[in-house]
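Q: structure of the sequence below:
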Amino acid sequence: MELFLAGRRVLVTGAGKGGRRGKCPGIEPVCVDLGDWEATERALGSVGPVDLLVNNAAVALLQPFLEVTKEAFDRSFEVNLRAVIQVSQIVARGLIARGVPGAIVNVSSQCSQRAVTNHSVYCSTKGALDMLTKVMALELG
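A: As a prediction, this is how the structure comes out:
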């Protein structure tokens with residue numbers, strides 16, 4: 001794995017509770033609310049060229065179906081789907097402009113395939129992410 005990544009820049013969204021700069025040399029954290037389109041655009045504008053992208057960020061705002069709020073719905077789709085589209089567009093456009101190959105990995109969930117109590121919005125975002133991944137593979141592959 002290390003040889004494959006040598007000299008390549010990897011962007012992993014989310015992971016705020018995982019890897020830290022002190023544990024892994026070379027990690028440069030970028031803090032941004034992926035639900036904020038403009039802030040994400042600004043933050044990624046300063047990251048530089050990216051070769052590999054892992055769309056890992058997600059929120060799970062659990063509510064019974066009859067109690068789903070507009071706020072939970074909007075926030076979930078902003079982070080779990082819209083941000084994947086935005087970040088992937090930025091990275092893919094950069095790869096195409098540079099004429100280099102790359103890879104984009106979208107992290108989904110078993111909730112995209114199975115109904116789970118109080119997960120109606122989360123399951124919906126992950127189901128949509130699965131289909132988005134297929135379309136991205138078709139158009140970018």
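
Q: can you name the residues in contact with the host helix or strand of residue 92?
A: Using DSSP states H and E, the element containing residue 92 is helix 83-98. Contact with helix 83-98 is made by 11, 13, 34-35, 37, 40-41, 44, 49-51, 53, 55, 57, 101-102, 104, 106, 129, 132, 136, 140, as judged by Cβ atoms under 8 Å, 6 or more residues apart in numbering. From N, CA and C alone the C-beta is placed, and that goes for glycine too.

Q: buried sites along it?
A: 83, 84, 86, 87, 88, 90, 91, 92, 94, 95 (16 or more other Cβ atoms under 10 Å).

Q: that older thread, among the contacts of helix 83-98, name the buried ones.
A: Looking at the contacts of helix 83-98 with 16+ other Cβ under 10 Å, the buried ones turn out to be 11, 13, 34-35, 40, 44, 50-51, 53, 55, 57, 102, 104, 106, 129, 132, 136.

Q: out of those, list just those in helices.
A: 40, 44, 129, 132, 136 (DSSP state H).

Q: out of those, which comes closest to residue 122?
A: Using Cβ to Cβ, residue 129 comes nearest to residue 122 of those, at 10.5 Å.

Q: shouldn't that closest one be in contact with residue 82?
A: No: between residue 129 and residue 82 there is no contact under Cβ atoms under 8 Å: 10.6 Å.

Q: now the strands: where do they sit in the chain?
A: Here the chain has its strands, by DSSP state E, at 10-12, 52-55, 103-106.

Q: nearest to residue 120 among the ones you listed would be which one?
A: With Cβ to Cβ as the criterion, residue 120 lies closest to strand 103-106 of the strands of the chain, at 20.6 Å.
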